[in-house]
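Asks: build the 3D model from these lines:
(2 chains)
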Amino acid sequence: MAVTTTPATAAGRREGDEVATGGGRRGSTAMAGNGLTPWLFLAPYLTLFVAFVVAPTVYGIWISLHDWDYTLPGKPFVGLDNYANLFDSSSLAYDRFWSSMRATAIFTVMSVPLLLVVPLVVALAMNQKFRGRNLFRAVYFAPYVLGVAVVAVMWRFLLDNNIGVVNHYLGVLGLPDDIAWTTSVPAAWFALVGVTVWWTLGFNAVIYLAGLQDIPKELYEAAEVDGAGAWQRFRNVTLPGLRPVTMFVTMITIIASANMFGQAYLMTKGAPGTETRTAIYQIAETGLKQFQMGTAAAMSYVLTLVLMVCSLVVFWLFRERKDA
Amino acid sequence: MTRPDSTNFSRRRFLALGGGVAAGAVLTACGGGKSADEAAGGTESGSKFTGKYTGPAVTLAYWNGFTGGDGPFMDELVKRFQSENPKITVKQNTIEWADFYQKVPAAVTAGKGPDVGVMHQDQLATNAVRKVIVPVDDVADALGLEESDFSPENWKAGIYQDKRYGIPLDVHSLAMYWRKDAAEKAGVTEAPTDAASFEEALKAFQEAGNDKPFWMPSKWPSHLMFLSLLWQNGGEPYAEDGSKATFDSDEGIAALTWQVDQIKKGYSPENVAIDTQYIGFKNNPPKTDVTWDGIWQINDLKGADVPFELAPIPTIGDQAAVWANSHNFFISRQATGDDNKFDAARVFIDWMSKQSAEWAGAGMIPARTSVRESADVASMTQAPIAESIDTMRFLPPVPGLGDVQAQTLEVAVNEATLLKRSPEEALRDAAAKATTAMEANLKKYGG
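Replies: Predicted coordinates for the structure are as follows:
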């Protein structure tokens, strides 16, 4: 992961510096002559990166400036109209887009804290030594290998409020058995978040686990010698040790949650009304079903911008505090 | 199941389509090609169509969305066509309908789509205006097809801006299914035909032990029930010229109110989610004794050994009317560049159109009157529905209407049947949005 590679790269750079400075004349010509070498090494990845990330990104910006329907001969240039429409409350796109952004925000705010805390608890348990530990690890990771279609369709039927088993067993336990998990809010949000947490927590837990195993044992021993209890060890050794991992997990979880699509598409179809229709869902509908690629591209860039701001905030929150 | 809205969207497909889009953008400029009219006029066989293909060996790309119980019937027909026409190689590509309408425009734009295919009647205008498909008036003439051999509604719905874009293969409508076992228990011996007898039957089912005998879906096919009821009340969902949505009329509000009343009167539970009513109907014992669904479900129910009977939906409003759609053959722009392909496509459509009695085995109603009234069809499960073909109503051929409906009318029906909003409020809001979208479409597609 990013965390473990950072020191390695740093070390590598140091060695290179020594060669460059210590090698004298021969060394410096080697450096100058090899200006091409790093690029050659990068070339295979760079080609893919440019072809499948950079080029479509630039092309997307171009599309967003047009009334772009690829099945029609004319694709008139409209400047920033597509963006302006997203901020003009009288346009059709405004309502659709912002209600979907709201849905995405609700989902993200509900799911991210759970996806940060629950997997950490699971990872701490996975890190203990006990019989059946491998089974335990497998059980928590297993759902992650399922595809979204399998997960969502299965839960759609389990959670059905008229014929599903979840409500049936709630009834058996004497709890309310008429919760409309897939057709009413806020129940649908709990269902979508719950399913997503069940489905993806294994992934985050595995990353946390890798981070936990990277924390030197000596630190725990030293803390113990200093008389730190379990909570203090967790608070002062584990958490700081996990900081880079936690930052990584936070960022990818926010991005993954903000990109939620399949669960809503298959479990609720956006119902009730369009309340659980997320931003990506709306973008796919607009671009691929209604062929309004220009509007869809503009929506994507607004979403991207919001996610970039979120990432910066995360970076800032997790920055290294020298005095801490 | 062959449900036009059963969807399934993968990231891979998203990327694949994106690739198609990019490629399509490059290729649009050189799309060109002849129109089918020109191609038909330009070939010698255009005037003396014999139904036989005489040119060199040719490959036809044939696309359709028969992924359900109808698929094997189409495979069989294609196989037979192949053996009778060895010079034409038919390469069949079957894609779920929901994805079909996303893929075909992209594929044809890229020149890698179908030469000939089947699509729903209400998609013809949209694809015509996008120049995905070409007029087939000459084909209809050459095949000697006439309005008198079709139901007038069905025949006319394939015409957009005075040109024909589809050759109807079948008609399929909404119908009323009920469970035979439950009906025997309740003593319901005849299909209810109007609002009063329908409610009486529901009460009988209730007395026989099923508290909720008629589950009202909140998603598919609830909007088709709504359209049927709206037409029964004498309303129209959209202005014929595509300038305005009118489904929030008094007739529309009454239609949706009747649907919501089924829940309020206790015949249906609340919050019936996607597909729940259909699964409830198939369950043993049935959770819902009566359900309205498309006739294309016949084979699925038979396959599951569900004891059911079928009848036209009752006339709740003033006149008999029911939502229907139709599978139509089309020829794509792609096929028009090659005279041989165009000829082969015509032979193919003619041959298929004549086999529509066999196709009825897939649960559909043959579009041609001569076939529909044949003895073969009279003995089929869907025969009672086939008889009521004159009550079948189709959406007007307005480009982009399908998407407008999905974003507005379907949302309103969903909100009302989930009891989130009153029928009137939901419909008014949705119709206003639909009108705005339709005006934009008119401008975009040039009327």
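Asks: ends of stretch B:88-105, how far apart?
Replies: One end of stretch B:88-105 sits 24 Å from the other (CA to CA, to the nearest Å).
Asks: what's the longest strand in chain B?
Replies: The longest strand of chain B (DSSP state E) is strand B:167-179.
Asks: following that strand, which helix or strand shows up next?
Replies: helix B:180-186 (DSSP states H and E).
Asks: count of neighbours near B:Ser243?
Replies: For B:Ser243, the neighbour count with other CB atoms under 10 Å in any protein chain shown is 14. C-beta: built from backbone N, CA, C; applies to glycine.
Asks: separation between it and chain A?
Replies: Between B:Ser243 and chain A the computed distance is 16 Å (CB to the nearest CB, to the nearest Å).
Asks: check whether the longest strand of chain B contacts chain A.
Replies: No: Strand B:167-179 lies out of reach of chain A by CB under 8 Å from any CB of the partner chain, never closer than 15.7 Å.
Asks: burial measure for B:Pro86, as a count.
Replies: 9.
Asks: which residues touch whichever strand or helix holds A:Ile254?
Replies: Assigned by DSSP H and E, A:Ile254 belongs to helix A:243-258. Residues outside helix A:243-258 that contact it (CB atoms under 8 Å, 6 or more residues apart in numbering or on different chains) are A:1-3, A:6, A:104, A:107-108, A:111-112, A:115-116, A:119, A:196, A:200, A:204, A:207-208, A:210-211, A:214, A:239, A:279, A:303, A:306-307, A:310-311, A:314-315, A:318.
Asks: low-scoring pLDDT stretches of chain A, where are they?
Replies: For chain A, applying pLDDT under 70 flags the ranges A:1-33, A:322-324.
Asks: which positions in it make contact with chain B?
Replies: A:56, A:59, A:67, A:69-73, A:92, A:95-96, A:149, A:156-157, A:160-163, A:178, A:180, A:182-184, A:261-262, A:265-266, A:268-269, A:271-274, A:284-285, A:288-291, A:293.
Asks: restricted to helices, list the contacts of helix A:243-258.
Replies: A:2-3, A:6, A:104, A:107-108, A:111-112, A:115-116, A:119, A:196, A:200, A:204, A:207-208, A:210-211, A:214, A:239, A:279, A:303, A:306-307, A:310-311, A:314-315 (DSSP state H).
Asks: in the stretch 1-150 of chain A, which residue sits closest to chain B?
Replies: Closest contact between the stretch 1-150 of chain A and chain B, by CB to the nearest CB, is at A:Thr71 (3.9 Å).
Asks: these two touch, right, that residue and B:Ile133?
Replies: No: using CB atoms under 8 Å, A:Thr71 is not in contact with B:Ile133, being 11.1 Å away.
Asks: looking only at neighbour counts, state which of these two leads.
Replies: B:Ile133 (32 against 20).
Asks: grab the nearest non-local neighbour of the more buried one.
Replies: Spatially, and ignoring its direct neighbours in sequence, B:Ile133 is nearest to B:Phe330 (4.3 Å; CB to CB, 6 or more residues apart in numbering or on different chains).
Asks: which part of the stretch 251-400 of chain B gets nearest to chain A, residue-wise?
Replies: Counting by CB to the nearest CB, the stretch 251-400 of chain B gets nearest chain A through B:Asn271, at 3.8 Å.
Asks: then that residue would be within a helix, right?
Replies: No: assessed by DSSP: H, G, I helix; E, B strand; the rest coil, B:Asn271 does not belong to a helix; its assignment is coil.
Asks: next, count neighbours for it.
Replies: Count around B:Asn271 with other CB under 10 Å applied: 24.
Asks: A:Val150 now?
Replies: Neighbour tally, A:Val150, other CB under 10 Å: 13.
Asks: same check on B:Pro366?
Replies: B:Pro366 has 28 nearby residues by other CB under 10 Å.
Asks: repeat for the one 10 residues further on
Replies: Each residue near B:Asp376 was counted by other CB under 10 Å, and the total is 13.
Asks: try B:Met216
Replies: 24.
Asks: doesn't B:Asn271 make contact with it?
Replies: No: counting by CB under 8 Å, B:Met216 does not reach B:Asn271; the two are 10.0 Å apart.
Asks: and chain B, split by domain according to the record?
Replies: B:32-169+B:326-354, B:172-324+B:398-445 (automatic domain parsing).
Asks: in TSV, list the ones you listed along with mean pLDDT and distance to B:Ser370.
Replies: Shown next, in TSV, are those (pLDDT from 0 to 100; distance: least, CB to CB, whole Å):
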stretch	mean pLDDT	distance to B:Ser370
domain B:32-169+B:326-354	85	6
domain B:172-324+B:398-445	95	19
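Asks: of all the ones you listed, which one is nearest A:Arg137?
Replies: Proximity to A:Arg137, assessed across those by CB to CB, is greatest for domain B:172-324+B:398-445 (34.6 Å).
Asks: re earlier: and the residue of the stretch 1-150 of chain A closest to chain B, helix, strand or coil?
Replies: The three-state label given to A:Thr71 by three-state DSSP is coil.
Asks: contacts only, for the closest residue to it other than its chain neighbours.
Replies: Spatial nearest neighbour of A:Thr71, chain neighbours left out: B:Arg130 (3.9 Å); criterion: CB to CB, 6+ apart. With contact set as CB under 8 Å, 6+ apart, B:Arg130 has these partners: A:Asp69, A:Thr71, A:Leu72, A:Phe291, B:Pro105, B:Pro399.
Asks: now, the most widely separated pair of these?
Replies: B:Pro105 and B:Pro399 (12.1 Å).
Asks: OK, contacts around the residue nearest the centre of chain B?
Replies: By CA atoms, centre = their mean, chain B has its centre lying nearest to B:Asn325, at 3.6 Å. Going by CB under 8 Å, 6+ apart, B:Asn325 touches B:Pro4, B:His120, B:Gln121, B:Asp122, B:Val171, B:His172, B:Ser173, B:Phe394, B:Leu395.
Asks: in the top helix by length along chain B, what's buried?
Replies: Ranked by residue count, the top helix of chain B under DSSP H comes out as helix B:423-445. For helix B:423-445, a neighbour-count test (16 or more other CB atoms under 10 Å in any protein chain shown) marks B:423-424, B:426-431, B:433-438, B:441-442, B:444-445 as buried.
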